[in-house]
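Peer 1: Just to be clear, the model below is a prediction. Sequence and coordinates:
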Amino acid sequence: MRVVPSQMYSDLLANLQADRQNVNLAVEQASSGKSIANLSDNPLAAGQLVLSNAQIADLDQFSYSISTVQGSLNTADSALNSVVGSLTQAGGTLSSTELQALGQQVDQVLQQVVGLANTTYQGNYVFAGTAVKQQPYNSSGVYAGNSSVNSVEVGEGQTVSLGLSGSAIFGAPSAAGQPDLTFQYLSNLSSDIKAGDYNAITADITNVQSSLNNVIAQRSSYGDILQQLNSDSTNLSQQKLTLQQYQTNLIGVDEAQVATNLTQSQTTLEAAIAAASRVSQDSLINYLK
Amino acid sequence: MGSLLGTLSIATQALNVDQGALEVTSNNIANANTPGYSREQAILESAPTVTEGNIAYGQGVTLAHVQGIRDQVVELGVQQGLQQQGQINSYLDSMSQLQSLFNEAQGAGLQTPLSNFFNSLQSLSTDPTNLSLRQAVISAGQTLASVFNQASAGLAGIQSQLNQTIPQAVGQVNQLTQQIAQINGQIQSAQSSGANPNQLIDQRNQLVEQLSGLVGVNSTDAGDGTVTLTTANGALLVAGRQSYTLTTGKNASGNVDVFSQGADITSSLSGGSLGGDIQARDQGVASAQSNLDSLAAGLISAVNAQQTAGYDLNGNPGLNFFKPLSGNSSAGAAAAMSINLTDPSQIAASSSSTAQGDNSNALALANIENQTIVSGQTATEYYSNFVAGIGTEVQQATNQQTAQNLVVQQMQNQKASISGVSLDEESANLIQYQTAYAAAARVVNVISQLAQMAITLGQGG
C-alpha cells in the first residue's frame, strides 16, 4: 500500500483524539466518583438507578410515617394509662360508709374517664375512630364516633392499624344510643351506691373490674403497635443501607480501577504525542542535489 | 533508413516529453496538500514506428495524456461512508440533548417529583385532616405537572430546532447540486474537446462529498463525463447539466417536510445530516414525546379516578385532581398536565362522606405508585424503562458513530493511498525525468557534433 503524508497526519489526529477522550473519561470518573455521567454510559444501571431511588424515597417516607403516628399513639397510650388509674380508684373507694360522698366520687371518676376518652392529638380525637373531628363521648358516655380505624403503610405492602376505636376499648353497648359499657357500669355503680343497694353494688364492682381488665388488655395492644413500629423503623434503615450499597455498586467507581485507567490512558496519550512529534519531516526530496 | 535529422527530432521530442512529465511532477508536488487533489501521471507512449523495407524504426516518445489517478469504487465508498457518518452525527447530536433532559445519573428527571408526589399522599394518610399535609400534596402535584410540562417543552424545543435546521440543510443541498450540475457541463465540454478535466473532476468529487455529508445520494456515471445524482429513494438531484431543487414546507403538525418536484420525500430521505435530523425529529424525539405523554396520561387518569372515588375534607365527593385529558388520545398530555384542585381541603383522603379522619382513599391514592397504570407497568417502572431505553438508543448511536468514523477514516486512507501525492514518489519521478532529460540533451549534443562532422566531412584536416 502506498503511504502518503496526508494519511499519516489524519490517522495521527484521530488516534490523539481517541486517547484524549480516554483520559477525559478517566478524569471525569475519578473526580465525580460516578461511573456514569450520561444515561448512555450504562443504560441498564440508569434504569435500575431510577427504581432504587424510588425505593429509597419510599423507605424514607415509611420512616417518616412511623415517626408521625408514634406521636398520636403515645398520646392515646398515656390517656389509657390514666383511665386505668381512675378505674382502679373507683374500685378502691368502696370501703367507705358515707354513701353519698362515695357516689359523688364515682361520678367524678366517670367524668374523668369521659374526659380522657375525648383526648385529642393535634386537634383530632384519638378515640373517635375515623370521625376525628367529632367529639366521641358525651357526659354520660354515649359513643358518637365510628368503629373504623385508619391504617398507615410502614413498609412495602405492610400496614399498621392506628390504635382502636373508643367502643373497642370501653365496650360497645348492647343497644344503640346507650353509653359504652365502662361508662354504663360506672354510672350504675354510682346510682346503686347512692341508693344503698349492696347486692347490686357487688355486681357493679365486678363489672367495673372487668372493664378495667379490658382497658388494660387493649392498652397493651398500643404497646405492641409501638414496639412493632420501632422494629419496622430499624428494618427500614437496614433496607435503605442495602439499597444505597446497591447503588454504589451500580454507578460508583472502583477507585483503584479508575486510577489505573487514568495512568494507562495518560501513558498512551503521551506516547502518541511523542510519536507525532517524531513523524519524519524527511522525504527523498531533501536528498536531491 | 535512419537520418541524423530524424534522430535529432526524436531527441528534441524526448526533451519536450520529459519537460511535460516534469511539469506534471511539479504540479503534483505543488498540490501535495490540496484537499481533494488526485495525483496525475504523465502517460508516455512510444511513437508509431516507421517501416522502411523490412526495418521498423522507432520514432521516439510522445506524451499521450495526463491521467488523474483515482478509483471510482473507493470514491463511492468514501461518499457512502460520509453519508452514514453525517446521519449518525446529527442524530446523535439531537439524542444527546434528549438524554440530558432525563439525566437521572445527575439527579435530573421525573423520578424525584414522582416519588415526592406519592410520598406526600403517604404523609397525608398519617394525619388525613392536616391542612399543611394537604397543601404539601397540592404542591407536589403542581411540581410533578410542571416537570412533565418542562420535559415535554424540552422535547418540543429539540424538534423546533430541527425544523429550523432542515430548511438550512436543504438550501445547502440546492446550492451544491447547482454547482455540481455546472461542473458536469464543464467536464462534458472539456471531454468532447479533448481537454484534460482532471481538476474539474476533483472539484466535483469534493462537492459530492460535501453533499454526502448533508444527504444520502446515489451517484451514477452517465458515460459522457457527467454524473447523475439521486436521493436514496430515487428523487432526481442532478442530471447532466441540470439540477433539481428540493423545497421545504410546513405540514399540518408544524413540522417541516421536504419536497422534490412537488412530491413529499421526507420519510424516505436518509443519510447525511438531513437524514439524521429527520430521523431524530420523526423517530427519536417523537417516540420519547409519545412515551412521556402515555406516562402523563396514565397518571392523570389513575389519580383522577381514585380521587373522584373518595370524599374531601367537607364530605363532598372528590373533584378531579389533575385537569382531565381532552378526548381519548394521550397526545399532548405531558404538555397540558396541570392541577385541577384549588384548595387543599378538596383532596379526597376519605372513603366516607361522614368520617373526615378516614385515610383509606389517601392510602389508595398513594398506592397508585404500585399500580400498573401505563402499558402494564407502574409509573416508576415505565419511567425506568423509558430512561434505560433512551440511554440504550444513545449508546448504540455512539457505538455506531465510533465504528462509522473508523470506516470513513479507512476509506479516506484508501483513497489517499491511491490518489494522494507521495513526495518520495514525486522525487523519484523528478530524478527519473531529469536523468531522461539530461540524456536526451546529451543525444542532441552528440547529433550536433555528428552534424558538424558531416558538414566538415571531406574538407580535409
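Peer 2: Perfect, thanks for sending it.
Peer 1: Any residues of the stretch 201-350 of chain B in contact with chain A? List them.
Peer 2: Within the stretch 201-350 of chain B, the positions near chain A by Cβ under 8 Å from any Cβ of the partner chain are residue B:350. C-betas here are computed from N, CA, C, even on glycine.
Peer 1: Most proximal residue of the stretch 201-350 of chain B with respect to chain A?
Peer 2: residue B:350 (7.3 Å; Cβ to the nearest Cβ).
Peer 1: What confidence value was assigned to the residue nearest to that residue when sequence neighbours are not counted?
Peer 2: Excluding its sequence neighbours, the residue lying closest to residue B:350 (Cβ to Cβ, 6 or more residues apart in numbering or on different chains) is residue B:358, at 3.9 Å. Reading off the confidence values, residue B:358 has pLDDT 90.
Peer 1: just residue A:246 next, same as before
Peer 2: 89.
Peer 1: tell me what the host helix or strand of it is packed against?
Peer 2: Following DSSP states H and E, one finds residue A:246 within helix A:198-251. Applying 3 or more Cβ pairs under 8 Å, 6 or more residues apart in numbering or on different chains; DSSP states H and E, one finds that helix A:198-251 makes contact with helix A:43-92, strand A:151-155, strand A:158-161, helix A:166-170, helix A:181-195.
Peer 1: which stretches of chain A aren't confidently modelled?
Peer 2: Residue ranges of chain A with pLDDT under 70: A:90-99, A:280-281.
Peer 1: rewinding a little: need phi/psi at the residue of the stretch 201-350 of chain B closest to chain A.
Peer 2: phi -100, psi 150 (degrees, to the nearest 10).
Peer 1: tell me the contacts of it?
Peer 2: A:130, B:128, B:310-313, B:315, B:356-362 (Cβ atoms under 8 Å, 6 or more residues apart in numbering or on different chains).
Peer 1: who wins for neighbours among these?
Peer 2: Neighbour tally across these (other Cβ atoms under 10 Å in any protein chain shown): the maximum, 31 neighbours, falls on residue B:362.
Peer 1: next helix or strand past the host helix or strand of that residue?
Peer 2: Using DSSP H and E, residue B:362 maps to helix B:360-366. The C-terminal neighbour of helix B:360-366 among helices and strands, as given by DSSP H and E, is helix B:379-419.
Peer 1: Run the angle between that next one and helix A:43-92 for me.
Peer 2: Using axes from the mean of the first three to the mean of the last three Cα atoms, to 10 degrees, the inter-axis angle of helix B:379-419 relative to helix A:43-92 is 160 degrees.
Peer 1: and helix B:379-419 with chain A, contact?
Peer 2: Yes: with Cβ under 8 Å from any Cβ as the criterion, chain A is reached by helix B:379-419 at B:380-381, B:383-385, B:387-395, B:398, B:405, B:409, B:412-413, B:416-418.
Peer 1: tell me what that helix is packed against?
Peer 2: helix A:5-32, helix A:43-92, helix B:72-101, helix B:111-126, helix B:286-309.
Peer 1: Could you pull up the mean pLDDT of it?
Peer 2: 93.
Peer 1: So what angle separates the directions of the following helix or strand past that helix and helix A:5-32?
Peer 2: Scanning forward in sequence from helix B:379-419 by DSSP H and E, the next helix or strand is helix B:423-455. Here helix B:423-455 points in a direction 170 degrees away from that of helix A:5-32 (the same axes, to 10 degrees).
Peer 1: who touches stretch B:190-206?
Peer 2: B:35-38, B:40, B:65-68, B:70, B:75, B:180, B:183-184, B:186-187, B:224-225, B:227.
Peer 1: got the end-to-end distance for it?
Peer 2: For stretch B:190-206, the first-to-last residue distance is 19 Å (Cα to Cα, to the nearest Å).
Peer 1: most packed of the helices and strands packed on helix B:379-419?
Peer 2: helix B:111-126 (a mean of 24; mean count of other Cβ atoms under 10 Å in any protein chain shown).
Peer 1: Quick one: residues contacting the spatially most central residue of chain B.
Peer 2: In chain B, the residue lying closest to the centroid (Cα atoms, centre = their mean) is residue B:86, at 2.0 Å. Neighbouring residues of residue B:86 by Cβ under 8 Å, 6+ apart: B:212, B:213, B:214, B:215, B:271, B:272, B:273, B:275, B:276.
Peer 1: Skipping its backbone neighbours, what lies nearest the third one in space?
Peer 2: Spelled out, that is residue B:214. residue B:272 (4.4 Å).
Peer 1: what's the burial count for residue 249?
Peer 2: You didn't say which chain, so I picked chain A. For residue A:249, the neighbour count with other Cβ under 10 Å is 12.
Peer 1: please go with chain B instead
Peer 2: Quick note: residue B:249 (other Cβ under 10 Å) scores 11 neighbours.
Peer 1: Please narrow the contacts of residue B:86 to those residing in strands.
Peer 2: Within the contacts of residue B:86, no residue falls in strands by DSSP state E.
Peer 1: Drop anything exposed from the residues you listed.
Peer 2: B:212, B:213, B:214, B:215, B:271, B:272, B:273, B:275, B:276 (16 or more other Cβ atoms under 10 Å in any protein chain shown).
Peer 1: Distance of the first one relative to residue B:228?
Peer 2: Put plainly, it is residue B:212. Distance of residue B:212 to residue B:228, given as Cβ to Cβ, to the nearest Å: 15 Å.
Peer 1: Tell me which residues touch the closest residue in space to residue B:250 that isn't next to it in sequence, please.
Peer 2: Among residues not flanking residue B:250 along the chain, residue B:256 sits closest, at 5.8 Å (Cβ to Cβ, 6+ apart). Contacts here follow Cβ under 8 Å, 6+ apart; on that basis residue B:256 touches B:163, B:166, B:167, B:248, B:249, B:250.
Peer 1: any idea which element the fourth one lies in?
Peer 2: In this structure, residue B:248 is located in strand B:246-250 according to DSSP H and E.
Peer 1: Same check on the second one?
Peer 2: Element membership for residue B:166, per DSSP H and E: helix B:131-192.
Peer 1: just how off-centre is that helix within its chain?
Peer 2: Helix B:131-192 sits 14 Å away from the centroid of its parent chain (Cα atoms, centre = their mean, to the nearest Å).
Peer 1: Stretch B:179-194 now?
Peer 2: 29 Å.
Peer 1: buried set for it?
Peer 2: B:179, B:180, B:181, B:183, B:184, B:185, B:186, B:187, B:188, B:190, B:191.
Peer 1: what's the closest non-adjacent residue to residue B:200?
Peer 2: residue B:187 (4.9 Å).
Peer 1: now do residue A:273
Peer 2: Using Cβ to Cβ, 6+ apart and skipping the chain neighbours, the partner closest in space to residue A:273 is residue A:16 (7.0 Å).
Peer 1: what do you get for residue B:265?
Peer 2: The spatially closest residue to residue B:265, leaving aside those adjacent along the chain, is residue B:235, at 5.1 Å (Cβ to Cβ, 6+ apart).
Peer 1: quick one: the one you found and residue B:266 touch, right?
Peer 2: No: counting by Cβ atoms under 8 Å, residue B:235 sits too far from residue B:266 to count as a contact (11.0 Å).
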